[in-house]
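Trainee: attaching a predicted model along with its sequence, questions to come.
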Amino acid sequence: MIEVIDFTKQYGDFMAVDGLNLSIAEGEIYGFIGPNGAGKSTTIRFLATLLRPTSGEGRIAGHSVTQDPMAVRRVIGFMPDDFGVYDGMKVWEFLDFFAVAYEIPRLERRRTIGEVLELLDLTHKRDDFVNGLSKGMKQRLCLAKTLVHNPPVLILDEPASGLDPRARLEMKSLLSELSRMGKTILVSSHILSELADFCTSIGVIERGKLLASGSIQEIQRELRAHRVLKVRLLNESPERFAHVLKEHSAVKAESVNTIDRTLSAEFEGDGSAQADLLRRLIDSGAIVEAFDEEQLSLEDVFMMITKGVVN
Amino acid sequence: MGMFRDNPVLSRELLVNLRSHRAFILQFAYAGILAVAVLVAWPRVDDGRLGASVTAARQLFDLFFFGQFILVALVAPTFAAGSITGEKERKTYELLLASPLKPSWILIGKLLSSLTYLVLLLASSLPMMILGYLLGGILLSEVARAYLVLILAAGTFGLVSLAASSYFRRTSSALVVSYLIILPLVIVSLYLASTEDITLRNFVSVTLLPPWTIAVWSIVIGLINLRLLRPPDVGSEGKEVVDEEEEQKYAIGVVIDRDLFPDKLFAPAKRTDLMPDGTNPVLDKELRSEIFSQGTLMLRVVIQVSMFLSIPLMAGFLFWRPMPGWYICYVLTFNLLVGPVFSSGSITQERERQTINLLLTTLLTPGRIVRAKLLAALRVSTVLTLLLTEQVILAYALVRDLQLQFWTIIPFFLIILVTCLMTSSIGLLWSSLVRKTSVAMIATYMSLMALFVLPVGLYRWSLSVAQGVSDEVLRWILVPSPYAAAMSVLIVGDRPTNMGGDVQPIERPLAWAGVPIWVISIGLFLVISLVCHVVTLIAFRYRWWRARESV
């Protein structure tokens, strides 16, 4: 649905984005993460037809971003990271303005505006002036604006920045709802917990280069050769059971944490090998409280991939 | 003394303003232009005419005084009108008010810093003025008096602009209201300064002016102080919404009613339902929402002041001594002042409010956006300007001298309409070229002043300098000025007794063309408007791709 091919953007000597390649399938929620100044917004502005690339190409729903920007605008809904609203306009007028700008016929407009107001829970604000809305409400209004022409692709630049925790959660559930409606969503953020729960895949960008891209599990697998199994015991001195791990053929390395009575094993086997390891531990007298594969958080992934070098 | 020496507002502004290269370049250019003027007007050694040097000195003195007076009137508001609104626009106003600084310190800091540069410019002309004094024919007291008047004018205009700046939220509103209030002061001052009666001039400038000016200053300072002590327009986001109905309830004088004629011509009523299909949404938005987004105060002040001013001018130039050209010049001046308000901010504001990216990712083409912006600005400024022409129609209906030459109303209206188009186009051009509304606005005013006034000054000056070139040829210099166009409309026929006798020189046809100035001017104004529009479109498209490149 969204494709970026060798996108490069240079400002004088400064390379903002360097040969970026990206492919996002239909229906995905793609989280675009990276430190401040990594090139997220530059890439997003390029896809939103606001920026001419130094070189490279982008395609959205088959339309070229550089050759046919008008066709691209029909299929995308764009929400910039910082935006303002017009003075002296009411909420419904604001939406009507953009609906007309997207050439939606009047009859359809009446229905669509009602629908997006309802979807974003803004119906009670319909007759309020837009410049009197709170930051969270403005953010929602802007999202309503991006939905008004019912685009299959949403490009959202930091949609939750500056929101309070409740508004942030609401924004998150809204995006999940939109994804269920079949939209392809590209969303950028530097707040990782925001993206972890609902993104189907992520891309990590730093200093203008895409360092990793794919589902979180895929990236995890790339980052680590082996899975890590964590075993928490109720027995005193868990080191007594370290030999069970060492003797198992699927365990490549092991370690013991006596303080929280945990054994860790770098494991290279399938499910039955895993079950076999558990059986052997129990047979040797271990009282197993928890036996699980260690999950990397998005923060861990991010910290492992990026070097913390910002421009 | 601490108010001056340890005033952080003053020192910050002085530092920022005076350390820029621009300040030095501008001062250099100013002194340079004056030097060239002196050099050209300097009498030749072989000039045998008796008292030639005295005439030259007198001309130089007049040029310096009138030129600098107009400069002060033009430049003082550009510095002062933005000084408090600028803080509001940058959202630093609350920081300033919340500091322990007294309002009077802020006021003095803002005033002095706005005027310091202007006073520096004036001072740099003093050596040149003294050269004129050396030619003879001018008293030293006259030079001193001239500078006294200039300084008083700078202070008054600066304070008036500062007051406007404290009352409005946008620099553009403060600027236009300042200019409108200053306009009658300038007209009266220039009239008094140009009288031949030396006793009257001395009396006014030395005895009358200083105490009255000081009195006015103290009143205005008191008003600004009060406003800074109790600022009503500082508030959170919600308070930025202006309730039009509420505001109108407490309005003094004119009330704008969008449902009634003629108000609905420039401010159509707000929509109660969706736009019809095929509407240009930008045009609709500009006319119905944006025009009163900052409240109706600015427009009400503009309409009332202009109507008030038009009464004596109408009585004088339309009824008492029918010279409609002069009244039309007033109408054109009004358009010059008001036109830029609606055009020069229309693209920069999208940028400042960060709505430009929302607009640019819709299906609207740059052409449609720019066209809508131009049409909206043109409509508002033209309707407001035409409000002043009902007096002209009345005069043509009632005054016999004008009835006899009823056709002259056509060129007058053509000149007004085409000038409206030109002022809006130039405003929009600047709005597409620069980033900030205040810069666009000042650039627009400067370009328009150059277009309106410079040809007249240049023509008068070349009349005295260029010997041997016929007046018919020299008058081509006047073509770009709408003032000259209005004054060149021929009022003849059986020329009634009180119409001033013969055909005025300016009404005679131009060399080569054989037509009066206004015919060529109208064509030129249309060409200028078209060129501006094309350049605006190119600049906008270019910026469209370059949006946020610098980030």
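Mentor: The structure has been received and is ready for your questions. Numbers count the residues shown, from 1 in each chain, chains lettered A, B, ... in the order given.
Trainee: all helices of the stretch 1-150 of chain A, in order?
Mentor: A:40-47, A:69-75, A:91-101, A:106-119, A:135-147 (DSSP state H, counting those that start in this stretch).
Trainee: chain B: which of those is closest?
Mentor: helix A:91-101 (3.8 Å; Cβ to the nearest Cβ). Every residue, glycine included, has its C-beta placed from N, CA and C.
Trainee: about what we covered before: turn the helices of the stretch 1-150 of chain A into JSON lines, columns for distance to chain B and mean pLDDT.
Mentor: As requested, the helices of the stretch 1-150 of chain A are arranged in JSON lines below (distance: least, Cβ to the nearest Cβ, whole Å; pLDDT from 0 to 100):
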{"stretch": "helix A:40-47", "distance to chain B": "7", "mean pLDDT": "90"}
{"stretch": "helix A:69-75", "distance to chain B": "6", "mean pLDDT": "91"}
{"stretch": "helix A:91-101", "distance to chain B": "4", "mean pLDDT": "93"}
{"stretch": "helix A:106-119", "distance to chain B": "5", "mean pLDDT": "92"}
{"stretch": "helix A:135-147", "distance to chain B": "7", "mean pLDDT": "90"}
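Trainee: among the ones you listed, which is nearest B:Ala73?
Mentor: helix A:91-101 (40.0 Å; Cβ to Cβ).
Trainee: that closest one - contacts with which helices or strands?
Mentor: Other helices and strands packing on helix A:91-101, by 3 or more Cβ pairs under 8 Å, 6 or more residues apart in numbering or on different chains; DSSP states H and E, are helix A:106-119, helix A:135-147, helix B:281-285.
Trainee: and stretch B:472-484, how far out from the chain's middle?
Mentor: 20 Å (Cα atoms, centre = their mean, to the nearest Å).
Trainee: quick one: is stretch B:380-397 near chain A?
Mentor: No. Figure legend: stretch B:380-397 not in contact with chain A (Cβ under 8 Å from any Cβ of the partner chain); closest approach 14.1 Å.
Trainee: would you map the helices across the stretch 101-250 of chain B?
Mentor: B:103-134, B:140-167, B:171-193, B:198-202, B:209-229, B:244-249.
Trainee: what's the closest of those helices to A:His226?
Mentor: The minimum distance between A:His226 and these falls on helix B:171-193, with 64.7 Å, by Cβ to Cβ.
Trainee: quick revisit: out of the helices and strands packed on helix A:91-101, which is closest to B:Ala193?
Mentor: Of the helices and strands packed on helix A:91-101, nearest to B:Ala193 by Cβ to Cβ is helix B:281-285, at 45.2 Å.
Trainee: report the angle between whichever helix or strand comes after the closest one and helix B:140-167.
Mentor: The C-terminal neighbour of helix B:281-285 among helices and strands, as given by DSSP states H and E, is helix B:297-314. Angle of helix B:297-314 versus helix B:140-167, following axes from the mean of the first three to the mean of the last three Cα atoms, to 10 degrees, is 140 degrees.
Trainee: name the residues of helix B:297-314 that come out as buried.
Mentor: The neighbour-count check on helix B:297-314 (16 or more other Cβ atoms under 10 Å in any protein chain shown) flags B:297-303, B:305-306, B:309-310, B:313-314 as buried.
Trainee: check the offset of the next helix or strand after it from the chain's centre.
Mentor: Downstream of helix B:297-314, the first helix or strand assigned by DSSP H and E is helix B:324-343. Distance of helix B:324-343 from its chain centroid, counting by Cα atoms, centre = their mean, is 9 Å.
Trainee: name the helices or strands packed onto helix B:324-343?
Mentor: helix B:171-193, helix B:297-314, helix B:366-386, helix B:390-398, helix B:409-433, helix B:437-465, helix B:482-487.
Trainee: if you average pLDDT over it, what comes out?
Mentor: Average pLDDT, helix B:324-343: 92.
Trainee: measure the closest residue in space to B:Leu34 that isn't next to it in sequence to chain A for me?
Mentor: Taking Cβ to Cβ, 6 or more residues apart in numbering or on different chains, and ignoring the residues beside it in sequence, B:Leu34 has B:Met128 as its nearest neighbour in space, at 4.7 Å. Relative to chain A, B:Met128 is positioned 44 Å away (Cβ to the nearest Cβ, to the nearest Å).
Trainee: for the chain, what's the longest helix?
Mentor: Defaulting to chain A. helix A:165-180 (DSSP state H).
Trainee: sorry, I should have been clearer: chain B.
Mentor: From DSSP H, the single longest helix across chain B is helix B:52-89.
Trainee: that one near chain A anywhere?
Mentor: No. Figure legend: helix B:52-89 not in contact with chain A (Cβ under 8 Å from any Cβ); closest approach 12.8 Å.
Trainee: just put the helices of the stretch 1-150 of chain A in a markdown table and tack on mean neighbour count.
Mentor: Shown next, in a markdown table, are those (neighbours: other Cβ atoms under 10 Å in any protein chain shown):
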| stretch | mean neighbour count |
| --- | --- |
| helix A:40-47 | 25 |
| helix A:69-75 | 19 |
| helix A:91-101 | 25 |
| helix A:106-119 | 16 |
| helix A:135-147 | 22 |
